[in-house]
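K.L.:
Structure for this input, please:
(2 chains)
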Amino acid sequence: DTEVTQTPKHLVMGMTNKKSLKCEQHMGHRAMYWYKQKAKKPPELMFVYSYEKLSINESVPSRFSPECPNSSLLNLHLHALQPEDSALYLCASSQWAEGAMVYEQYFGPGTRLTVT
Amino acid sequence: AQSVTQLGSHVSVSEGALVLLRCNYSSSVPPYLFWYVQYPNQGLQLLLKYTSAATLVKGINGFEAEFKKSETSFHLTKPSAHMSDAAEYFCAVRHSGNTPLVFGKGTRLSVIA
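P.N.:
As a prediction, this is how the structure comes out:
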């Protein structure tokens, strides 16, 4: 099974709402990622977790709060978002490389977020 | 810093024609290179990856790419385009095993019947 699942597929939220995005993988991967993708642009890295610990935060505003409760789950908590945060949010996972190995990232289908 | 440049934001080919999508990398060390495809309203799917084992890499859906160090290129090709190949294609590079992927700007492939 090489599947990364994301829920919900679509989300519409107001600027005062609190919502969460969920990502799950059962491939035993110890690295998980959140990306933001605007239309006609490549994905932009937001956060990286390795062994359930936050290892990279690409200067993302605090209205985005990631959480990795266990090795299979990754959440992104959203609060007080702005309309410009509307985008496709992609989750990915990969094996954590030891030594010279390089592993590919597997991506989920994404959550299409609209902030009104 | 590592980066990739994709030449051509939009490529249009006829069905059955050769597909060539260009990617050049900038790296001071041997790079790890990937091609991903994204169909409308979907996530990214790995087509193939180069990790120095072989310069000609075969991927899924009939795609392949050749690593040319002298040209710092990793172009993606397919001998005969299908309508189903219409999508956005991203070239990406990783400096080492655990560094984040760095994506190119993407190339949209259109296939004309």
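K.L.:
Which residue, other than its chain neighbours, is closest to the residue in chain B that chain A sits nearest to?
P.N.:
Closest to chain A within chain B is residue B:97: 2.5 Å, counting by Cβ to the nearest Cβ. Yep, even glycine has a C-beta here, placed from its N, CA and C like the rest. Closest residue in space to residue B:97, ignoring its immediate chain neighbours: residue A:97 at 2.5 Å, by Cβ to Cβ, 6 or more residues apart in numbering or on different chains.
K.L.:
Which pLDDT does the model give residue 3?
P.N.:
Unless you meant another one, I'm taking chain A. Residue A:3 is assigned a predicted lDDT (pLDDT) of 91.
K.L.:
right idea, wrong chain: chain B
P.N.:
Per-residue pLDDT puts residue B:3 at 88.
K.L.:
which residues touch the residue in chain A positioned nearest to chain B?
P.N.:
Per Cβ to the nearest Cβ, residue A:97 is where chain A lies closest to chain B, at 2.5 Å. By Cβ atoms under 8 Å, 6 or more residues apart in numbering or on different chains, the contact list for residue A:97 reads A:103, B:96-98.
K.L.:
if I pick the residue nearest the centre of chain A, what's in contact with it?
P.N.:
Against the mean C-alpha coordinate of chain A, by Cα atoms, centre = their mean, the closest residue is residue A:34 at 2.6 Å. Applying Cβ under 8 Å, 6+ apart to residue A:34 gives the contacts A:23, A:45-47, A:66, A:74, A:76, A:89-91.
K.L.:
Taking those residues together, which two end up most distant?
P.N.:
The span of these, defined through Cβ to Cβ, is set by A:23 and A:45 at 14.5 Å.
K.L.:
more neighbours, those two?
P.N.:
When residue A:23 and residue A:45 are compared for neighbours, residue A:23 comes out ahead with 26 against 19, by other Cβ atoms under 10 Å in any protein chain shown.
K.L.:
secondary structure element for the residue nearest to residue B:55 when sequence neighbours are not counted?
P.N.:
Using Cβ to Cβ, 6+ apart and skipping the chain neighbours, the partner closest in space to residue B:55 is residue B:67 (4.6 Å). Here residue B:67 sits within strand B:64-68, counting by DSSP states H and E.
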